[in-house]
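A.B. asks: Turn this into a model:
(chains A, B, C and D)
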Protein chains: 2
Amino acid sequence: MAGRTARPEVIWARPERTGRGPKPAYTRADVAAAAVRIADAGGLDAVSMRHVAAELGCGTMSLYNYVPRKEDLYELMVDAVSGEHELWEPSGDWRADLRRVAHQSRELMRRHTWLPRLMSGIYGFSPNALRYLEHCLTCLDPLEASSGTKMELIAMLNAVVTMYVSNELATAERTRSLPWSEAEETAVRIAYLGGRVATGAYPRLAAAFTEDAGPIDLEAVFERAVTRVLDGFAPRG
Amino acid sequence: MAGRTARPEVIWARPERTGRGPKPAYTRADVAAAAVRIADAGGLDAVSMRHVAAELGCGTMSLYNYVPRKEDLYELMVDAVSGEHELWEPSGDWRADLRRVAHQSRELMRRHTWLPRLMSGIYGFSPNALRYLEHCLTCLDPLEASSGTKMELIAMLNAVVTMYVSNELATAERTRSLPWSEAEETAVRIAYLGGRVATGAYPRLAAAFTEDAGPIDLEAVFERAVTRVLDGFAPRG
DNA sequence: TCGTAGTTACGTACGGCGTACGTAGTGCGC
DNA sequence: GCGCACTACGTACGCCGTACGTAACTACGA
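C.D. replies: Next up, the predicted model:
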């Protein structure tokens, strides 16, 4: 009953197990895995304390022994999938290595479509986030630049990857649990957009839409974006 | 009672007023303004159908005459504040113009701290979003590049601005409605981070943190990021 | 001209949510 | 071996989005 007053804390600083009392039935990793499983299957909105507890096999309120607030559950989830990042021995070519990092991040987000939404809201540095950061910095050893600049490069790369994948997935993620298909939805939106642009009020936009009318190659767009970010940090130019 | 079945639609395609029936008590702009007022004052989570209806001065369910789903209310909000973008006659220097666009976007998001969270989820093209896009393209007239490239430039600029401001605001937005102060929170997090890094497991990270120990100049970081994005699209190098 | 169909307005109600709180049981540290 | 910190979890409260029913109202087709 004691210690229930709310105080600022970082979930990662709180020890998973203190001496006293019966030993917890699950580990923190179990909790995270259950939440990730639910989010993967039913989207982020399906992640409720009740659902996760049920998936775990315990009462709803027992979850609060592992996680003080729902937001911390989110942090656990992000850290858990961040651990899926494969880390390798840097090749010596920092651009190739960072390109590989970017592609891996993209795959991670496509595997866990709820990740971008959480990434933009969480600012903490979870254990696996630290591992990932350190790995990126290691890849950047060959680059002659200040630590600050390197951090800015990593930040920008993450920003671009996150937003690009976020846009890629926006439709799919939104359509989930809506009573019509994604195809219907996009058809309606394209019809509307076409009508708007056809009014002639947006000549340059109209030109852009007619110019590349075909289905755009998301892969290529992503690749170009990453290249441009990396080029921006390459020495000389 | 008829026409209540859910069908895909774009809120902007739905006419604000059809012939029949009594004239609505409020305009769509009124609804958007009320929601924006609430979000500005109490954060995005304070935006509930009940609150907005109360702010507007009508019953909760009357709101659904103006907005079929809550998500559409979000679209209304984004469009409303997008209208705050000041559009000017392009100067002929596309880099200067786009830099100005970026700064304006940043100010917009700092004025409406909930905007980044909505931006990453909404993929529609509202009227004011179209206006904004066309303006950016107009600024890019002097740049010799395909429409596709120009669109990619705009997308990347938006991505970087959104994520940077999002990170800037993450702490503040999170602390809202939590029972402790932002200072307490960051103090706890920094203490944890320092402890983690001091273990020696992350040598490069440690170096980065000790190297630029002072408070970082967010303004300068943002400026550098924008410059780098624009440089990446400039001809030759 | 007038009936009626399509609107607006809105109260009620349902199923879900996060989580405060109380209680019972458990096992380590003193 | 006592006590306390901990685990487990049921109940309950106040929110949320929104389906649905009803009543008042107005523009259009006959």
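A.B. asks: So what touches the lowest-mean-pLDDT helix or strand in chain A?
C.D. replies: Taking all helices and strands of chain A together, the one with the lowest average confidence (mean pLDDT, DSSP states H and E) is helix A:182-198, at a mean of 81. Residues from elsewhere that reach helix A:182-198, judged by Cβ atoms under 8 Å, 6 or more residues apart in numbering or on different chains: A:171-172, A:174-175, A:178, A:202, A:205-206, A:209, B:8-10, B:12-13, B:124-125, B:127, B:130. Just so you know, the C-beta spots here come from the backbone N, C-alpha and C atoms, and that holds for glycine as well.
A.B. asks: Weed out the non-buried ones from those residues.
C.D. replies: By the neighbour-count criterion of 16 or more other Cβ atoms under 10 Å in any protein chain shown, the contacts of helix A:182-198 include these buried positions: A:174-175, A:202, A:205-206, A:209, B:8-10, B:12, B:124-125, B:130.
A.B. asks: Give the burial count for the residue lying closest to residue A:163 once chain neighbours are set aside, as a bare number.
C.D. replies: The shortest distance from residue A:163 to any residue that is not its chain neighbour, by Cβ to Cβ, 6 or more residues apart in numbering or on different chains, is 3.5 Å, and that residue is residue B:159. For residue B:159, the count of nearby residues is 23 (other Cβ atoms under 10 Å in any protein chain shown).
A.B. asks: again, but for the one 4 residues further on
C.D. replies: When counting by other Cβ under 10 Å, one arrives at 25 neighbours for residue B:163.
A.B. asks: show me the contacts for it.
C.D. replies: For residue B:163, the contact set (Cβ under 8 Å, 6+ apart) comprises A:120, A:155, A:158, A:159, A:162, A:163, B:116.
A.B. asks: just the helices in chain A please.
C.D. replies: A:28-42, A:49-56, A:70-82, A:94-111, A:115-119, A:127-139, A:147-175, A:182-198, A:203-211, A:218-233 (DSSP state H).
A.B. asks: want to throw the ones you listed into a markdown table with distance to residue B:85?
C.D. replies: Supplementary listing: these in a markdown table, determined by distance: least, Cβ to Cβ, whole Å:
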| stretch | distance to residue B:85 |
| --- | --- |
| helix A:28-42 | 35 |
| helix A:49-56 | 40 |
| helix A:70-82 | 32 |
| helix A:94-111 | 29 |
| helix A:115-119 | 25 |
| helix A:127-139 | 34 |
| helix A:147-175 | 19 |
| helix A:182-198 | 18 |
| helix A:203-211 | 15 |
| helix A:218-233 | 24 |
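A.B. asks: In terms of mean pLDDT, which of these ranks lowest?
C.D. replies: Among the helices of chain A, helix A:182-198 has the lowest mean pLDDT, at a mean of 81.
A.B. asks: Show me how far that helix is from its chain's centre.
C.D. replies: With Cα atoms, centre = their mean, to the nearest Å as the basis, the distance from the averaged C-alpha position of helix A:182-198 to the chain average is 28 Å.
A.B. asks: ditto for stretch A:103-118
C.D. replies: Using Cα atoms, centre = their mean, we find the averaged C-alpha position of stretch A:103-118 to lie 5 Å away from the chain's own average C-alpha position.
A.B. asks: go on, stretch A:78-98?
C.D. replies: Using Cα atoms, centre = their mean, the distance between the centre of stretch A:78-98 and that of its chain works out at 15 Å.
A.B. asks: Same check on stretch A:52-64?
C.D. replies: Between the mean C-alpha location of stretch A:52-64 and the chain-wide mean there is a distance of 25 Å, by Cα atoms, centre = their mean.
A.B. asks: mind listing what's buried in it?
C.D. replies: Here stretch A:52-64 shows A:52, A:53, A:55, A:56, A:58, A:63 as buried, counting by 16+ other Cβ under 10 Å.
A.B. asks: go on, stretch A:164-171?
C.D. replies: Buried residues in stretch A:164-171 (16+ other Cβ under 10 Å): A:164, A:165, A:166, A:167, A:168, A:169, A:170.
A.B. asks: Likewise for stretch A:117-136?
C.D. replies: Under the neighbour-count criterion of 16+ other Cβ under 10 Å, stretch A:117-136 has A:117-126, A:128-136 buried.
A.B. asks: Alpha carbons of that stretch, as CSV, please.
C.D. replies: The C-alpha coordinates for stretch A:117-136 follow below in CSV (Å, rounded to 0.1, in the frame of the first residue of the first chain):
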residue,chain,number,x,y,z
ARG,A,117,3.4,6.3,-34.1
LEU,A,118,5.2,5.6,-30.9
MET,A,119,8.6,6.7,-32.1
SER,A,120,7.5,10.3,-32.5
GLY,A,121,6.2,10.5,-29.0
ILE,A,122,8.9,8.8,-26.9
TYR,A,123,12.0,10.6,-26.1
GLY,A,124,13.6,8.3,-23.5
PHE,A,125,16.7,6.3,-24.1
SER,A,126,15.9,2.7,-23.5
PRO,A,127,18.6,0.1,-23.2
ASN,A,128,18.2,-1.2,-26.7
ALA,A,129,18.0,2.4,-28.0
LEU,A,130,21.4,3.1,-26.4
ARG,A,131,22.8,-0.1,-28.0
TYR,A,132,21.5,1.1,-31.4
LEU,A,133,22.8,4.6,-31.0
GLU,A,134,26.3,3.3,-30.0
HIS,A,135,26.2,1.0,-33.0
CYS,A,136,25.4,3.9,-35.3
